[in-house]
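>>> Using only what follows, build the 3D model:
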Amino acid sequence: MREFVLDCSATMAYFFKDETSAYVDGAFETLAEDGRALVPAIWLLEIANTCLNAERRKRLTIRDVEEIFSILEALPIEVAPYLDLKSTRRIQSVARAHNLSAYDAAYLELAKRESLPLVTLDKKLKQSTAKAGVSLWTPADR
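Next up is the predicted model:
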């Protein structure tokens, strides 16, 4: 099984055909074949918010959003819960060290903690991976 941490930027790019890429498509093909994605709890709200904003801008319909959620629910995506303030403190520390938002730091902290590569399109998050000791997922990881 091939595992990785999946962020919202890569997730939603898959559903916006003008934003997707071979990189994102490869990650989703891996999920469909024999992969598993781990996401921090914030991912759920980021997906919902991105869909709401796309609806408001008439980029997605309610039907499109329902289809996106159906597809995501069918994939092996596991939410890693943060159950205490210790987790939040670790995320805050990562955010400070890499000049990231707490939201982006949650992905980086999870990838580091679980020793998994990260799938992201976020430029700043990508730049933080090497310093944090986290690898970026590549299609070669398939």
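
>>> Confirm that Phe4 sits in a strand.
Yes - the assignment for Phe4 is a strand, going by DSSP: H, G, I helix; E, B strand; the rest coil.

>>> so who does the residue lying farthest from the centre of the chain touch?
Note on the chain: the largest separation between a C-alpha and the mean C-alpha position, by Cα atoms, centre = their mean, falls on Lys58 (23.6 Å). Counting by Cβ atoms under 8 Å, 6 or more residues apart in numbering, Lys58 touches no other residue. (Each C-beta comes from the backbone N, C-alpha and C, glycine too.)

>>> all strands for this protein, in order.
Secondary structure of the chain by DSSP state E: the strands cover 2-6, 35-40, 77-80, 118-119.

>>> quick one: the residue farthest from the centre of the chain from Glu66, how far?
When distance is defined by Cβ to Cβ, to the nearest Å, Lys58 is 16 Å away from Glu66.

>>> same thing with Glu73?
On the measure of Cβ to Cβ, Glu73 and Glu66 end up 10 Å apart.

>>> higher neighbour count, these two?
Per other Cβ atoms under 10 Å, whichever of Glu73 and Glu66 has more neighbours is Glu66, with 12 against 8.

>>> If I look at that one, what pLDDT would I see?
Per-residue confidence (pLDDT) for Glu66: 98.

>>> in this structure, which spans are helices?
Counting by DSSP state H, one finds helices in the chain at the ranges 8-15, 22-33, 42-56, 62-74, 85-98, 102-114, 123-132.

>>> Would you enumerate the residues in contact with the spatially most central residue of the chain?
Centroid check for the chain by Cα atoms, centre = their mean gives Asp7 as the closest residue, at 1.1 Å. Contact analysis of Asp7 by Cβ under 8 Å, 6+ apart lists 39, 43, 104, 107, 118-122, 125.

>>> any chance of these in a markdown table, with distance to Phe16 and neighbour count too?
What follows is these, written out as a markdown table (distance: Cβ to Cβ, whole Å; neighbours: other Cβ atoms under 10 Å):
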| residue | distance to Phe16 | neighbour count |
| --- | --- | --- |
| Val39 | 18 | 23 |
| Trp43 | 17 | 24 |
| Asp104 | 20 | 23 |
| Tyr107 | 19 | 32 |
| Leu118 | 20 | 24 |
| Val119 | 16 | 27 |
| Thr120 | 15 | 29 |
| Leu121 | 11 | 18 |
| Asp122 | 15 | 18 |
| Leu125 | 18 | 24 |
